[in-house]
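>>> Below are the sequence and a predicted model for it; my questions follow.
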Number of protein chains: 2
Amino acid sequence: MPTTLKEFEAVFPQLVEDLREHCRQYGLPKNILERYQQSLNHNTVGGKCNRGMSVVDTSTLLLSHPLSNDEYFRAATLGWMIELLQAFFLVSDDIMDGSKTRRGSPCWYLMPRVGMIAINDAFMLESSIYILLKKYFRQEKNYVDLLELFHEVTFQTELGQACDLLTAPEDHVDLDNFSLEKYSFIVIFKTAYYSFYLPVALALHFCGLATPLNLRQARAILIPMGEYFQVQDDYLDAYADPATLGKIGTDIQDNKCSWLVNQALRRADASQRAVLQACYGRKDKDAEARVKAIFAELHLDSVYQQYEEERVAEIRGMIDAVDETQGLKKEVFEEFLRKIYKRSK
Amino acid sequence: MPTTLKEFEAVFPQLVEDLREHCRQYGLPKNILERYQQSLNHNTVGGKCNRGMSVVDTSTLLLSHPLSNDEYFRAATLGWMIELLQAFFLVSDDIMDGSKTRRGSPCWYLMPRVGMIAINDAFMLESSIYILLKKYFRQEKNYVDLLELFHEVTFQTELGQACDLLTAPEDHVDLDNFSLEKYSFIVIFKTAYYSFYLPVALALHFCGLATPLNLRQARAILIPMGEYFQVQDDYLDAYADPATLGKIGTDIQDNKCSWLVNQALRRADASQRAVLQACYGRKDKDAEARVKAIFAELHLDSVYQQYEEERVAEIRGMIDAVDETQGLKKEVFEEFLRKIYKRSK
Ligand SMILES: [Mg+2]
Ligand SMILES: [Mg+2]
Ligand SMILES: [Mg+2]
Ligand SMILES: [Mg+2]
Ligand SMILES: [Mg+2]
Ligand SMILES: [Mg+2]
């Protein structure tokens, strides 16, 4: 039985208490402690927690038995560290993108008495990971591996962010900057490592199964799966029913280096390219509609359907070939794929 | 012989090359690598490097022999990690404070094509520490201690920043927020840990002398010394000759929770306090002059002289009482104190 958001969220208050307790030794002024707690709650809780919960679910699959209360708590704690890492990135991403809302609330930096101090709040979210790792995993023999895993995935995500921000600045449209190679780099580094590889790598460490072979196999499957997930995300942004998707896509107006625009650029003739250059990345409904018309002329809908079928077949092939002799299980990857294949939101 | 800035700076290009090499495995786009290198050079090099160099000098004192080339390189590498940590904090501090220049150049976020992407650049400066630690110190038995030391000092500095930013927002003057207790907290956490304790703690680790007793003694002396250093800094901001200091003090106009204003608030009568409340933190030369007049009425100049003598006597007493049986040396602290006592810039 997969875990529920309710069960997973029930762990977080203890972690907040641990972080408060850690701060107590420093005798910090009361208002600083309050602010830290507010930031932890506002920025870490309230999402779908798919990444965090998949540490728990993957661990359950790998161990082949229902987790004890203690096992659940520890696996969920590792899951919450991914959520903290994401919170660190989202708080700062919203500033860098000039976003207005996040998960239906104002972005943290737009809340009263926050502003640019949000940058330091983001740092503290990242630091929380290492406080919790030390508290709960210091005695484990793979503690160093866990530290290095978080360091590496953090840096990879930063590289992806850097590439995203430098390739598609919101205020300067230059489609010559875009390419499918850059797209892949951005997507793999900005999203796939922390969203797909990290949860499984953490679960492998948690279960004592993080052999080089198992980590290598996990990465070989989950990075393409994360890339496919983001391609889907980009596709849905333009093609999904906003009512089902739960939001109105803004990638075209936001000058995003998305899969669709890269596919369009690859296929466009000179006049279609000129329309894209003139209309992409404008905060303007009509310009957006003209871009969508080009997407339709180029049949990107069926280009996507074909991509999805091919990619999923390829991933299924890799899953079938997984070597389970060191305790890794195909089921782990089947479960990830099941959750995203043909999703509509 | 203490090391020179020239010798210390000569190590940095190799570290930049190591970081570039680390990135090569990821196949990142050329412009991202260029940008990372620019950020490393612009933000890490060009300061006085007192913190970084003191890892080398402290190690030389502790080992009682001139460092071999390899020892110099490794100690300096630890020193550059402090400079990277500082760069991470300064880049973001300048955004949060809305500063214009740093070390005589425009702040990084004000450079062409940087802007808020500076936030992600700052993250990458922090990550660089852990890439270098892994490359050069992974095989050492105190690798985990080094990782934890950087994590802890990073979080302590973040707490100090949080307190500073929440106590003295530049756009909202409320002297009731200030107190000498908060002042101490800010100064110790924002400055003393990473500037005074961290270099010596790193040198102790480097020399294999990081026993609990030695670390405890180092902290007990260096935290008060760091506090004294910042009090001096605040004093010089208002009282030093700008020609000698090399800059014009702006703490009064910037609404800084400085040692002087806290001493003034403690001594002011109702009418003096009203002047401070009306004039502190205004971007206005006349208001600043009226604040300085109150400082003069309250003889903060001699309050400072007395503070300095008392504090230094106290620190000297602690140095005299250092237990050297586990290889720590009084000289280390005498050297730190010698550099700052009665400084005029
Ligand atoms: Mg964003
Ligand atoms: Mg973004
Ligand atoms: Mg999207
Ligand atoms: Mg500043
Ligand atoms: Mg500041
Ligand atoms: Mg100053």
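Okay, I see it. Ligands and ions are numbered 1, 2, ... in the order given.
>>> give me every residue that touches the residue in the stretch 201-345 of chain A that ligand 3 sits nearest to.
When distances are taken as CB to the ion, the stretch 201-345 of chain A reaches nearest to ligand 3 at residue A:233, 4.3 Å away. Heads up, the C-betas are built off the backbone N, CA and C, glycines and all. Residue A:233 is in contact with no residue at all, counting by CB atoms under 8 Å, 6 or more residues apart in numbering or on different chains.
>>> so where does it fall, helix or strand?
In this assignment (DSSP states H and E), residue A:233 forms part of helix A:212-239.
>>> buried ones in that helix?
Across helix A:212-239, burial judged by 16 or more other CB atoms under 10 Å in any protein chain shown covers A:214-215, A:217-219, A:221-239.
>>> Hmm, residue A:184 and residue A:163 touching each other?
No: with contact defined as CB atoms under 8 Å, residue A:163 does not reach residue A:184; the gap is 10.2 Å.
>>> So for these two, which residue has more residues nearby?
Between residue A:163 and residue A:184, counted using other CB atoms under 10 Å in any protein chain shown, residue A:163 has the larger neighbour count: 24 against 19.
>>> Could you check how far the more buried one is from residue B:88?
20 Å (CB to CB, to the nearest Å).
>>> before we move on, what about residue A:281?
Distance from residue A:281 to residue B:88, by CB to CB: 31 Å.
>>> And for residue A:283?
33 Å.
>>> Give me the more crowded residue out of these two.
When residue A:283 and residue B:88 are compared for neighbours, residue B:88 comes out ahead with 24 against 11, by other CB under 10 Å.
>>> contacting residues around that one?
Residue B:88 touches B:122, B:123, B:125, B:126, counting by CB under 8 Å, 6+ apart.
>>> I'd guess it is in a helix, am I close?
Yes: according to DSSP: H, G, I helix; E, B strand; the rest coil, residue B:88 belongs to a helix.
>>> quick one: it and residue A:44, what's the gap?
The spacing between residue B:88 and residue A:44, counted by CB to CB, is 22 Å.
>>> Count the residues that sit near the residue lying closest to residue A:137 once chain neighbours are set aside.
Leaving aside its sequence neighbours, residue A:137 sits nearest to residue A:143 (CB to CB, 6 or more residues apart in numbering or on different chains; 5.2 Å). Here the count is done by other CB under 10 Å, and residue A:143 has 18 residues near it.
>>> who touches residue A:143 in this structure?
Residue A:143 touches A:133, A:137, B:144, counting by CB under 8 Å, 6+ apart.
>>> Can you tell me which of those end up in helices?
With helices taken from DSSP state H, the overlap with those comprises A:133, A:137, B:144.
>>> and residue A:235, what does it touch?
A:259, A:260, A:304.
>>> got those residues as TSV, with secondary structure and pLDDT columns?
Putting these into TSV (DSSP: H, G, I helix; E, B strand; the rest coil; pLDDT from 0 to 100) gives the following:
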residue	secondary structure	pLDDT
A:259	helix	98
A:260	helix	98
A:304	helix	98
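>>> pLDDT value on the nearest residue to residue A:237 once chain neighbours are set aside, please?
Leaving aside its chain neighbours, residue A:237 sits nearest to residue A:249 (3.6 Å; criterion: CB to CB, 6+ apart). pLDDT, the model's per-residue confidence, is 91 for residue A:249.
>>> quick one: the residue in the stretch 201-345 of chain A positioned nearest to ligand 1 from residue B:312, how far?
Residue nearest to ligand 1 within the stretch 201-345 of chain A (CB to the ion): residue A:254, separated by 8.3 Å. According to CB to CB, residue A:254 stands 58 Å off from residue B:312.
>>> Kindly report the same for residue A:136.
43 Å.
>>> Check residue A:152 too.
45 Å.
>>> now stretch A:76-92, how far from the centre of its chain.
10 Å (CA atoms, centre = their mean, to the nearest Å).
>>> Sort out which residues of that stretch are buried, please.
Applying 16+ other CB under 10 Å to stretch A:76-92 flags A:76-92 as buried.
>>> okay, now residue A:263: neighbour count?
22.
>>> With the one 5 residues further on instead?
As a burial measure, the neighbour count of residue A:268 was computed by other CB under 10 Å and equals 19.
>>> how about the worst-scoring helix or strand of chain A on mean pLDDT as CSV, C-alpha atoms only?
Counting by mean pLDDT, DSSP states H and E, the weakest-scoring helix or strand in chain A turns out to be helix A:242-245, with a mean of 87. What follows is helix A:242-245, C-alpha atoms only, in CSV (Å, rounded to 0.1, in the frame of the first residue of the first chain):
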residue,chain,number,x,y,z
PRO,A,242,-6.8,24.0,-17.8
ALA,A,243,-9.7,22.7,-15.7
THR,A,244,-8.1,19.3,-15.5
LEU,A,245,-4.5,20.6,-15.2
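>>> Okay, helices next: where are they in the stretch 151-300 of chain A?
Counting by DSSP state H, counting those that start in this stretch, the stretch 151-300 of chain A has helices at residues A:180-187, A:198-206, A:212-239, A:242-245, A:259-267, A:270-279, A:285-297, A:300-320.
>>> need the residues of chain A near ligand 3, please.
Selection of chain A residues close to ligand 3 by CB under 5 Å from the ion yields A:233, A:237.
>>> per-residue pLDDT, the residue of chain A most remote from its centre?
The C-alpha centroid of chain A is most remote from residue A:271, which lies 36.0 Å away (CA atoms, centre = their mean). Residue A:271 is assigned a predicted lDDT (pLDDT) of 97.
>>> separation between it and residue A:176?
17 Å.
>>> what residue ranges in chain A score low on pLDDT?
Scanning chain A for pLDDT under 70 picks out no residues.
>>> What parts of it come near ligand 1?
So far as CB under 5 Å from the ion goes, chain A lies against ligand 1 at A:93, A:97.
>>> isn't residue A:257 right up against residue A:165?
No: with contact defined as CB under 8 Å, residue A:257 does not count as touching residue A:165 (10.2 Å).
>>> a helix runs through residue A:112, doesn't it?
No: counting by three-state DSSP, residue A:112 falls outside a helix, being coil.
>>> To what extent is it buried, counted in neighbours?
Residue A:112 has 6 nearby residues by other CB under 10 Å.
>>> which outside residues touch the helix or strand harbouring residue A:58?
For residue A:58, the host element (DSSP H and E) is helix A:50-63. Residues external to helix A:50-63 that are found in contact with it (CB under 8 Å, 6+ apart): A:2-3, A:5, A:8, A:66-67, A:71-72, A:75-76, A:78-80, A:82-83, A:86, A:194-195, A:198-200, A:202-204, A:206-207, A:209, A:327-329, A:331-332, A:335-336, A:339.
>>> Need the nearest residue in space to the residue of the stretch 101-250 of chain A found nearest ligand 5, chain neighbours excluded.
Across the stretch 101-250 of chain A, the shortest distance to ligand 5 (CB to the ion) belongs to residue A:120, at 9.1 Å. Nearest residue to residue A:120, sequence neighbours excluded (CB to CB, 6+ apart): residue B:161, at 4.9 Å.
>>> What's the separation between the one you found and residue B:168?
12 Å.
>>> From residue A:250, how far out is residue A:100?
11 Å.
>>> try residue A:93
14 Å.
>>> nearest spatial neighbour of whatever residue of the stretch 1-150 of chain A ends up closest to ligand 1, skipping sequence neighbours?
Residue nearest to ligand 1 within the stretch 1-150 of chain A (CB to the ion): residue A:97, separated by 3.7 Å. Nearest in space to residue A:97, with sequence neighbours left out and distances taken as CB to CB, 6+ apart, is residue A:170 at 6.8 Å.
>>> Can you name the residues that contact the one you found?
A:97, A:98, A:254, A:255, A:281.
>>> Show me which of the residues you listed are buried.
Applying 16+ other CB under 10 Å to these flags A:254, A:255, A:281 as buried.
>>> Pull stretch A:2-16 out as PDB, backbone CA atoms only.
Written as PDB, here are the backbone C-alpha positions of stretch A:2-16 (Å, rounded to 0.1, in the frame of the first residue of the first chain):
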ATOM      1  CA  PRO A   2       1.500   3.300  -1.000                       C
ATOM      2  CA  THR A   3       1.700   5.900   1.800                       C
ATOM      3  CA  THR A   4      -0.700   8.800   2.000                       C
ATOM      4  CA  LEU A   5       0.000  12.500   2.100                       C
ATOM      5  CA  LYS A   6      -1.600  12.600   5.500                       C
ATOM      6  CA  GLU A   7       0.700   9.900   6.900                       C
ATOM      7  CA  PHE A   8       3.700  11.600   5.400                       C
ATOM      8  CA  GLU A   9       2.800  15.100   6.500                       C
ATOM      9  CA  ALA A  10       2.300  13.800  10.100                       C
ATOM     10  CA  VAL A  11       6.000  13.400  10.300                       C
ATOM     11  CA  PHE A  12       6.900  17.000   9.600                       C
ATOM     12  CA  PRO A  13       6.000  18.600  12.900                       C
ATOM     13  CA  GLN A  14       8.600  16.400  14.700                       C
ATOM     14  CA  LEU A  15      11.200  17.600  12.300                       C
ATOM     15  CA  VAL A  16      10.300  21.200  12.900                       C
END
